[in-house]
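Colleague: can't give you the sequence, but here's the structure:
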């Protein structure tokens, strides 16, 4: 019943429990959210973001969790480099709580959960417009920090 | 001519003699006049100018003298008069009563699911396991189903799964089922994880005392939560406020219920075994006999009984009562991330407040079931908790985030009232963009899993009080504002449902970590359990919210994506699996024989011993007694070995489901060089010896256990490069030469075998040499052929006598049972079984240092039965968690 707070990996007896990872809690997905995975082809991800930026989306958000952080950064920088200076990025990091199930291997044990933390990155890639108000503002969801970053970075960019 | 001798005519003629000598000619002539020559019909005999087009349609176009004969030829001698052949008019057939009668007649052989008519319009249907089940949709392929699983929601009606209820004290139920299972397989029914009823468990049941042999089937089970037991049992008193959650007190320990869900292919076997274990005579089984009347009455009666659940057997030994709930519950499987949103929208918690319960017009004391059930404060609290939880699940993006296998009970409104007026996609609903408040770290509470669906009386009342479509439509038409749902108030049905989470793909422990190829949570979803009679109402409401329907083919594909085994096809050690395999064998062989020899693969030349079935017994025997197969020349005691074959060949193999063994094997399948590097013991050992003795010990321990050694291990093979494996493909052990020169991957090929009988077949057209004979005959060209030693006469197309293991240049260790291209990984993948002895040999022969390439796991060669090409594949042990 009780939560186990961050036991060391080696402390869990493999004869008693096995650790099962679960899907991370996901935020609601808007059209301009890109969740980067290491499984998807990088080129395809790049093309998808480029296509979004070239169409009516002027702001996209690239999210990367854990080991996918590098990829997310790489993706954003590639987009910036390709755009010849018409695109800017604003970066935010956060910590995501991940829940693992501890599945008992013997009959007399209760199932438990453990909570891990993992770092995540949220990159706002946007095309600075003369009037930023014209951009469809992102809805206020869990990504409040990213939204706050927008005007700061947007102001200092040159078009 | 020039000198004709004078002929003297006889003076007299003896008539009798004359006729006698000509009788034969006369009868021949008479016969010829009576019979029609050749294949031509009577109407084709008329002279050309008298022929008429479409004379077969209308016989009167022929001359009158020929009509009778022509009529006979057209319709056959036993033809009935034309008037009886006529089909009744559509108008007649479509009358509700006639239609229903026809439906009843058609359900005689195979039971229909409640959603049958919906499916029959859109799906290919098949007769399986006594049911008529949807196989695959007419308009969509497997890829569409995959897309639905990954991005949307796939729904399947699995109501054919049979539920068996066990009732009795907890210890009795546990001991009953304890005889039929083994603690080695995994968590049992008695595990604390499951006893509270908050999670659904699964295990494999065996015939009593026969483990590891004699598997029956995999089952899923759920305990009934004990929370409201004492209050509902005496609902009239209703004062009991002791709904203390999770505290199963003594009274509730005595009366517990367990639902076992088993596949219909082994339902009968399970019930029989339960009777054996409980020591119940078959005579004492109280089974309501089916009506013996004739025609319509009988059908309607039996169907009615079926729906009332009366025909289902019940038996008891005084401690445990087993009740079959076959065909009385409905089960849907929803997979995919949108499953949550769709269910959230379709299932709305009903109002069960009893406060203002005004009795019906007559004022009679008959109360609705929910007024009785939710009379106590504790029950109301349960309802509140469930409602809160269900609200908090709003905005959860995928069912994979929830606790695995958790059970949620709900009492919901009639879904027909909430149905959208047009088919829509749930993601288009604006309120979907909400962050969920659900805390996925919380452990499910027993309060949430309580459901009135466990009560038979509630189930039958919910079914009987269901408003018919007609009544509902009448109420709708009386609405003042068209399109609005009618307000039925207390007359609206409240339907108890159970929701069971399914975590989807869970990575195997031996899968390489961190490689990202585990695809966590793929295929996660919900199972929805409803009382009988409500399937269509819920089905349509889910479909209208964008769920996409699937059949058996899609289910198989989805299981392959999750690298799980199908039942019964992938359980070769069960009777159901064996029967399924025999059916498939017969079909494939018949199909093969229909094709002309030049147009079909010659499996002798391809060196495939069993192209249409798996002979697991022989495979295991050949691996455990390596002498048996190819030792003809050594002489010795072939007789004794033959006995071994006879004894062991009779399904004397088992599938290893012992978790400990599987985990050991899984860890052995990780390359040793990796472990060695981890321990910073970099030992250069190019000569092929193990760096540490520990895995070697494990291997030898495995070899020493005779029961384990006669077993098969479920594995997954995924192709490293192009191509996809096929069913019946051989999993082979690479030779040392293969392992050292692995770089050009396409080089391993089997040389063409010689078919010594092909010439004979060509010559012997007059003798009709069948393929079966050719194949079963010994093949002298294969080096280590010992078929004569084992079975000299051979039997059928499958050349049973050929050695399976050593028949080709690479030793066969197992076979692929189910394979295809897997979309989520992007490569060909399959599941299959290998002989444990073969696997141990394979592990022993692996190179102990890292090769130049990125080798992640054990590699094997896989060869499809129609090809000579060996392809490299990664081998992974399944079920090692």
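Modeller: Ah, there it is. Just so it is clear, the model here is predicted, and its values are computed rather than measured.
Colleague: after the helix or strand where residue B:253 lies comes which helix or strand?
Modeller: Residue B:253 is part of helix B:250-254, with elements assigned from DSSP states H and E. Downstream of helix B:250-254, the first helix or strand assigned by DSSP H and E is strand B:256-262.
Colleague: partners of that following strand in the sheet?
Modeller: strand B:162-168 (antiparallel), strand B:215-223 (antiparallel) (DSSP bridges).
Colleague: distance from that strand to the middle of the chain?
Modeller: 20 Å (C-alpha atoms, centre = their mean, to the nearest Å).
Colleague: tell me the confidence at the closest residue to residue B:807 other than its chain neighbours?
Modeller: Using C-beta to C-beta, 6 or more residues apart in numbering or on different chains and skipping the chain neighbours, the partner closest in space to residue B:807 is residue B:609 (5.5 Å). C-beta coordinates here come from the backbone N, C-alpha and C atoms, glycine included. Residue B:609 carries a pLDDT value of 87.
Colleague: count of residues packed around residue B:609?
Modeller: Residues near residue B:609, counting by other C-beta atoms under 10 Å in any protein chain shown, number 24.
Colleague: how would you label the spatially most central residue of chain A: helix, strand or coil?
Modeller: Nearest residue to the geometric centre of chain A (C-alpha atoms, centre = their mean): residue A:63, 2.6 Å. Here residue A:63 is recorded as strand under DSSP: H, G, I helix; E, B strand; the rest coil.
Colleague: that one pairs with what?
Modeller: Per DSSP bridges, the residues bridged to residue A:63 are residue A:35, residue A:122.
Colleague: what of residue B:496?
Modeller: Applying DSSP bridges, one finds that residue B:496 bridges with residue B:411.
Colleague: got the contact list for it?
Modeller: Residue B:496 makes contacts with B:409-412, B:451-453, B:458-459, B:462, B:531, as judged by C-beta atoms under 8 Å, 6 or more residues apart in numbering or on different chains.
Colleague: what does chain A have sitting close to chain B?
Modeller: Taking C-beta under 8 Å from any C-beta of the partner chain as the measure of proximity, chain A contacts chain B at A:1, A:3, A:18, A:20-30, A:37-39, A:67, A:97, A:99, A:101, A:103-113, A:115, A:139, A:141-142.
Colleague: just the buried subset of those, please.
Modeller: A:18, A:20, A:22-29, A:99, A:101, A:103-105, A:107, A:109, A:111-113, A:141 (16 or more other C-beta atoms under 10 Å in any protein chain shown).
Colleague: which of the residues in stretch B:323-334 are buried?
Modeller: Under the neighbour-count criterion of 16+ other C-beta under 10 Å, stretch B:323-334 has B:323-334 buried.
Colleague: how about the helices in the stretch 351-500 of chain B?
Modeller: If you assign secondary structure with DSSP state H, counting those that start in this stretch, the helices in the stretch 351-500 of chain B sit at B:369-373, B:377-392, B:446-449, B:456-464, B:469-477.
Colleague: burial count for residue B:568?
Modeller: Around residue B:568 sit 23 other residues, with neighbours defined as other C-beta under 10 Å.
Colleague: now do the contacts for it.
Modeller: By C-beta under 8 Å, 6+ apart, the neighbours of residue B:568 are B:217, B:263, B:265-266, B:574, B:576-577, B:579-580.
Colleague: now do the SS call for the closest residue in space to it that isn't next to it in sequence.
Modeller: Counting by C-beta to C-beta, 6+ apart, residue B:576 is the residue found nearest to residue B:568 once chain neighbours are left out, at 3.8 Å. Put simply, residue B:576 is helix when judged by three-state DSSP.
Colleague: count the neighbours of residue B:576 for me.
Modeller: Per other C-beta under 10 Å, the neighbour tally for residue B:576 reads 23.
Colleague: that one is in contact with residue B:567, isn't it?
Modeller: Yes - counting by C-beta atoms under 8 Å, residue B:576 touches residue B:567, with 7.4 Å between them.
Colleague: can you give me the distance of residue B:417 to residue B:494?
Modeller: According to C-beta to C-beta, to the nearest Å, residue B:417 stands 12 Å off from residue B:494.
Colleague: looking at those two, which one has more neighbours?
Modeller: Higher neighbour count among residue B:417 and residue B:494: residue B:494, with 24 against 20, using other C-beta under 10 Å.
Colleague: residues in contact with the closest residue to the more buried one other than its chain neighbours?
Modeller: Among residues not flanking residue B:494 along the chain, residue B:350 sits closest, at 4.1 Å (C-beta to C-beta, 6+ apart). Shown in contact with residue B:350 (C-beta under 8 Å, 6+ apart): B:370, B:411-413, B:492, B:494-495.
Colleague: which one of those residues is nearest chain A?
Modeller: Within these, the smallest distance to chain A is 24.5 Å, found for residue B:412 (C-beta to the nearest C-beta).
Colleague: burial check on that closest one, number of neighbours?
Modeller: 21.
Colleague: so it versus residue B:529, what's the distance?
Modeller: Distance of residue B:412 to residue B:529, given as C-beta to C-beta: 12 Å.
Colleague: joint contacts of the two?
Modeller: Among the neighbours of residue B:412, those also in contact with residue B:529 (C-beta under 8 Å, 6+ apart) are residue B:497.
Colleague: just to revisit the earlier point, sort out for me which of the residues of chain A next to chain B are in helices.
Modeller: Members of the residues of chain A next to chain B lying in helices (criterion: DSSP state H): none.
Colleague: mind checking how far residue B:551 is from chain A?
Modeller: For residue B:551, the distance to chain A equals 27 Å [C-beta to the nearest C-beta, to the nearest Å].
Colleague: show me what contacts that residue?
Modeller: Contacts of residue B:551 (C-beta under 8 Å, 6+ apart): B:119, B:123-124, B:133-137, B:156.
Colleague: return the member of these nearest to chain A.
Modeller: Distances from chain A to those, taken as C-beta to the nearest C-beta, are shortest for residue B:156 (21.8 Å).
Colleague: looking at this, the closest one is in a helix?
Modeller: No - assessed with three-state DSSP, residue B:156 is strand; it does not lie in a helix.
Colleague: check contacts around it.
Modeller: B:332-333, B:549-551, B:554-555.
Colleague: next step: the contacts of residue B:551 restricted to strands.
Modeller: Using DSSP state E, the members of those that fall in strands are B:123-124, B:133-137, B:156.
Colleague: out of these, which are buried?
Modeller: Here, 16+ other C-beta under 10 Å leaves B:123, B:133-134, B:136-137, B:156 buried among these.
Colleague: can I get the residues you listed in JSON lines with pLDDT?
Modeller: As requested, these are arranged in JSON lines below (pLDDT from 0 to 100):
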{"residue": "B:123", "pLDDT": "94"}
{"residue": "B:133", "pLDDT": "94"}
{"residue": "B:134", "pLDDT": "95"}
{"residue": "B:136", "pLDDT": "94"}
{"residue": "B:137", "pLDDT": "94"}
{"residue": "B:156", "pLDDT": "94"}
